[in-house]
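Student: Got a predicted structure plus its sequence, pasted below:
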Amino acid sequence: VSRLPSLSKPLGDDAASAYTLSADYYLDNEVYELEKQRIFYRSWQYVAHESLLKNPGDYATLRICDESIFVIRSADNRLRAFYNICRHRAHELLAGSGNLRNLIVCPYHAWSYDDQGKLARAPMSDHRPGFDHSEFCLRPVKLEIFCGCVFVNLDPDCASLASIAGDLEADIRSHLPYLDDLQQNPENEQPNAPIKAGWKVIVDNYVECYHCRPAHPDFASIIDMDTYQVDIFDQWSRQYGPDIRDSNSAYPLDPENGFHQSVFWYLWPNTTFNVMPGPESLGVFTVQPVSIDCCNFNGHSLTTDGQVYQPRSDYFNDVLGPEDVGLCESVQRGLRSKSYDQGVYMTNPAHSGESEYALHHFHRLVLASLGAD
Ligand code: FES
Ligand SMILES: [Fe+2]
């Protein structure tokens, strides 16, 4: 593909000798256009936890780059997903999440759709000769439940998430015996300001902990970096901290209760599942591109009792999050320097959690998806 930036040094399949994606991959608007078409409009995207959509009429919306999607539980109790776009003149239909008692009414000219996407009413349509309501149904989108989470995929020919990442679901289950007890409390949403760094810079930072000791001293005090490990799989990777310290500088822990490990799963291309020590929870956060050099990294903690553990959440919002945002925004600025083109991956044969194997794995997936291989 001629529009992809060149790599003057090879990003081969051996992390120890490969060079990273070049700066242009993080700067070029044409790369972002390709990423939309070949990555984001073809991959599974997290919308909400099933518990948010238990009653008929419950809905949630999701933006995927330039697209807007909604998921609704229909009166027949099935979850369905549609493009959130009116077939009259393209106004968006629903916003946020909530419960609909009646039809989906477009705010612009009041075309109304039922909960299976059928056009029910279009004012003055009786004056348009031969107007066929069935020609103007909402466009459906593929939907799948994974670990209790609702995902959608804009590619009608996509492979199922179960076939792509069934081993990830098994892995999450094996670590989290409480997985099926989790629920989403809409009051625990954590909307953050857009980050001035591209989505790949955020994923790069998420999938490696080479930076944890120097840049996150409190994180390195709660999680024992000496036993931290990273493992890569087909379309996902995992950072696992089997040992934690009850006494640490991040936040207080009860030695008798809660989960006493940490696990961070990354699912291609932009979903993260996060477990930090403390009361049972699972954070689901996604990196949502806004442009080549801007994104959001939003999500929420699923919990077994609907309550967030405030000291942990404060540590995330006031310490760890700002530390990572600072790192990523500095990197995005640095990538614009003419002094920089490609970096390298630091690895060690023991696959310790401080090695950058999962970063190399992510870059290989980017290249393969963009059609560079
Ligand atoms: S755009 Fe929706 S009714 Fe006109
Ligand atoms: Fe970090």
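Tutor: Received it, and whenever you're ready, just let me know what you need. Ligands and ions are numbered 1, 2, ... in the order given.

Student: Can you list the low-confidence ranges for this structure?
Tutor: Residues of the chain meeting the criterion pLDDT under 70: 1-2, 373.

Student: Residues of it that sit close to ligand 1?
Tutor: Residues of the chain lying close to ligand 1 by C-beta under 6 Å from any ligand atom are Cys86, His88, Arg89, His91, Cys106, Tyr108, His109, Ala110, Trp111. C-beta: built from backbone N, CA, C; applies to glycine.

Student: List buried members of the residues you listed by neighbour count.
Tutor: Neighbour counting over the residues of the chain next to ligand 1 (16 or more other C-beta atoms under 10 Å) leaves Cys86, His88, Cys106, Trp111 as the buried ones.

Student: quick one: the third one from Glu67, how far?
Tutor: By that I understand Cys106. Shown here: Cys106 relative to Glu67, a distance of 17 Å by C-beta to C-beta, to the nearest Å.

Student: try the last one
Tutor: As for Trp111, its distance to Glu67 is 20 Å (criterion: C-beta to C-beta).

Student: hang on, the earlier thing: with secondary structure and distance to Ser97 as added columns, please give the buried ones among the residues of the chain next to ligand 1 in a markdown table.
Tutor: Output for those, formatted as a markdown table (DSSP: H, G, I helix; E, B strand; the rest coil; distance: C-beta to C-beta, whole Å):
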| residue | secondary structure | distance to Ser97 |
| --- | --- | --- |
| Cys86 | coil | 19 |
| His88 | coil | 24 |
| Cys106 | coil | 18 |
| Trp111 | coil | 22 |
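
Student: Quick check: the farthest pair among these?
Tutor: Using C-beta to C-beta, these span at most 6.7 Å, a distance reached by His88 and Cys106.

Student: what's the overlap in contacts for the two?
Tutor: Shared contacts of His88 and Cys106, defined by C-beta atoms under 8 Å, 6 or more residues apart in numbering, are absent.

Student: that older thread, would you point out the most distant pair within the residues of the chain next to ligand 1?
Tutor: Looking at the residues of the chain next to ligand 1 by C-beta to C-beta, the two members farthest from one another are Arg89 and Ala110, with 12.0 Å of separation.

Student: As a check, name the ranges of all helices in the stretch 51-200 of the chain.
Tutor: Listed in chain order, the helices found in the stretch 51-200 of the chain under DSSP state H, counting those that start in this stretch are 161-175, 199-206.

Student: Outside of the first one itself, list whatever touches it.
Tutor: Contacts of helix 161-175 from elsewhere in the structure, counted by C-beta under 8 Å, 6+ apart, are 44, 144, 146-147, 151, 153, 179, 233-236, 238, 261, 263, 265, 267, 273, 275, 282.

Student: Out of those residues, which end up buried?
Tutor: Among the contacts of helix 161-175, those that count as buried by neighbour count (16+ other C-beta under 10 Å) are 44, 144, 146-147, 151, 153, 179, 233, 235-236, 238, 263, 265, 267, 273, 275, 282.

Student: can I get the helices of the stretch 51-200 of the chain in TSV with mean neighbour count?
Tutor: Compiled in TSV, the helices of the stretch 51-200 of the chain are given as follows (neighbours: other C-beta atoms under 10 Å):
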stretch	mean neighbour count
helix 161-175	16
helix 199-206	24
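
Student: Quick one: those as JSON lines, columns for distance to Arg73 too.
Tutor: Compiled in JSON lines, the helices of the stretch 51-200 of the chain are given as follows (distance: least, C-beta to C-beta, whole Å):
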{"stretch": "helix 161-175", "distance to Arg73": "19"}
{"stretch": "helix 199-206", "distance to Arg73": "30"}
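
Student: out of those helices, nearest to Leu320?
Tutor: Minimum separation from Leu320 across the helices of the stretch 51-200 of the chain (C-beta to C-beta) falls at helix 199-206, 11.4 Å.

Student: got the CA coordinates for the closest one in CSV?
Tutor: Once side chains and other backbone atoms are set aside, the C-alpha atoms of helix 199-206 remain, and they are given as CSV (Å, rounded to 0.1, in the frame of the first residue of the first chain):
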residue,chain,number,x,y,z
TRP,A,199,-4.6,6.2,20.3
LYS,A,200,-1.5,4.2,19.5
VAL,A,201,0.6,6.2,21.9
ILE,A,202,-1.9,5.3,24.7
VAL,A,203,-1.9,1.6,23.8
ASP,A,204,1.9,1.7,23.5
ASN,A,205,2.1,3.0,27.1
TYR,A,206,-0.6,0.6,28.3
